[in-house]
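Q: Give me the fold of what follows.
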Amino acid sequence: MKSLLRLLPAAAAAVSLLLLSPPSTQAQSFSGQQREEIERIIREYLLSHPDLLQDVMNELEKQQAIAEAEKHRAAVKEHSEQVFNSARQVNLGNPQGDVTVVEFFDYNCGYCKRALADMVDLINGDKKLRFILKEFPVLGEGSVQAAHVAAAVRMQDKSGGKTYLEFHQKLLGGRGPADKTKALAVAKELGLDLARIEKDMSSEEAKAQIEESLKLADALGLNGTPSYVVGGDVVIGAVGLGALKEKINAARCGKAAC
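A: Prediction:
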């Protein structure tokens, strides 16, 4: 074992060289016999110390998470105008807020339903927060129908988002699957012009709103609902109120608690 330990640093360096060097360089640097010897040494050491594999996997996952976060930040920066300032989005909270949270949601997403209370708590509890909602209908035809009704509600809303927010809370917070029929029932309950809703939900403007959100979500690499953009960071999943507050504070003051 002592001899194996003495050989390990050299073998590790050789493996690093093998991984980092172009194939042509690798072929020139080591003979077939040398490569086999290096592989044998590493294999024997790892079999004798299997706990190292978990350390390696943890480090790999950490590096992958860092790389993914950097990729998300770059995408947010590249598409920042559509992310934060689209004429087709719904703006809630403080329009001049110092931090912006953007939520991509689906009306048939169970996790989005659970996260609804987080949104309400954030808007009511943080008067310096701007909150944006973007429809991201990925869970079937019913979701697409509901999103188009929501787009029509936005087009009819002259209250600065209050009517849309009420519609959003009632539809997302209701029981059962959401579709055109259920969304229209909510709109009727709120006293909206149903004839106009029916017309607007099939309009080019409503289609453009949904298409814009879908394309933007794809560009940002979002693969689930709910997904958030908090400042310049992307957060996937219903992470909970505490985690969202920490992200907001990090964007506001660089710390988990300001």
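Q: Could you report the pLDDT at L4?
A: Per-residue pLDDT puts L4 at 40.
Q: ok, now G174?
A: pLDDT, read off for G174, is 93.
Q: how about it, secondary structure?
A: Here G174 is coil, with the state taken from DSSP: H, G, I helix; E, B strand; the rest coil.
Q: got it, and L46?
A: Assignment for L46 (three-state DSSP): helix.
Q: Show me where this protein has its strands.
A: For the chain, the strands defined by DSSP state E cover 90-93, 99-105, 129-135, 227-230, 233-236.
Q: Identify whichever of those lies nearest to T163.
A: Minimum separation from T163 across the strands of the chain (Cβ to Cβ) falls at strand 90-93, 10.1 Å. Using the backbone N, CA and C atoms, a C-beta is placed for each residue, glycine as well.
Q: Pairing partners for the closest one, with directions?
A: If you go by DSSP bridges, strand 90-93 pairs up with strand 129-135 (antiparallel).
Q: Output the strand it pairs with as CSV, restricted to C-alpha atoms.
A: Only the C-alpha atoms of strand 129-135 are listed here, as CSV (Å, rounded to 0.1, in the frame of the first residue of the first chain):
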residue,chain,number,x,y,z
LEU,A,129,-40.4,44.5,-4.2
ARG,A,130,-41.5,44.4,-7.8
PHE,A,131,-43.2,41.2,-8.8
ILE,A,132,-43.9,40.1,-12.4
LEU,A,133,-46.1,37.2,-13.5
LYS,A,134,-45.6,35.4,-16.8
GLU,A,135,-47.8,32.5,-18.0
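Q: Mind listing residues that contact it?
A: Here strand 129-135 makes contact (Cβ atoms under 8 Å, 6 or more residues apart in numbering) with 84, 89-97, 99-107, 119, 122-123, 147, 150-151, 164, 168, 209-210, 213, 216-217, 248.
Q: Of these, grab the buried ones for ChimeraX.
A: Typed into ChimeraX, the line below selects the buried ones among the contacts of strand 129-135, using 16 or more other Cβ atoms under 10 Å:
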select :89,90,91,92,93,94,97,99,100,101,102,103,104,105,106,107,119,122,123,147,150,151,164,168,209,210,213,216,217,248
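Q: residues contacting the nearest residue to R88 once chain neighbours are set aside?
A: Ranked by Cβ to Cβ, 6 or more residues apart in numbering and with sequence neighbours excluded, the top spatial neighbour of R88 is Q209, at 4.2 Å. Applying Cβ under 8 Å, 6+ apart to Q209 gives the contacts 88, 135, 151, 154.
Q: out of those, which are inside helices?
A: Per DSSP state H, helices hold the following members of those: 151, 154.
Q: Show the buried residues in the contacts of Q209.
A: Taking 16+ other Cβ under 10 Å as the criterion, what is buried in the contacts of Q209 is 88, 135, 151, 154.
Q: Name the nearest residue to the last one, sequence neighbours excluded.
A: Okay, so that is R154. R154's closest residue in space is Y164 (Cβ to Cβ, 6+ apart), at 5.3 Å.
Q: Ok, the third one next?
A: Counting by Cβ to Cβ, 6+ apart, the nearest residue to A151 once its immediate chain neighbours are dropped is A206, at 3.9 Å.
Q: Verify the stated contact: that neighbour with M155.
A: Yes - between A206 and M155 there is a contact under Cβ atoms under 8 Å: 7.1 Å.
Q: What residues does the residue nearest to R154 make contact with?
A: 90, 133, 150, 153-154, 157.
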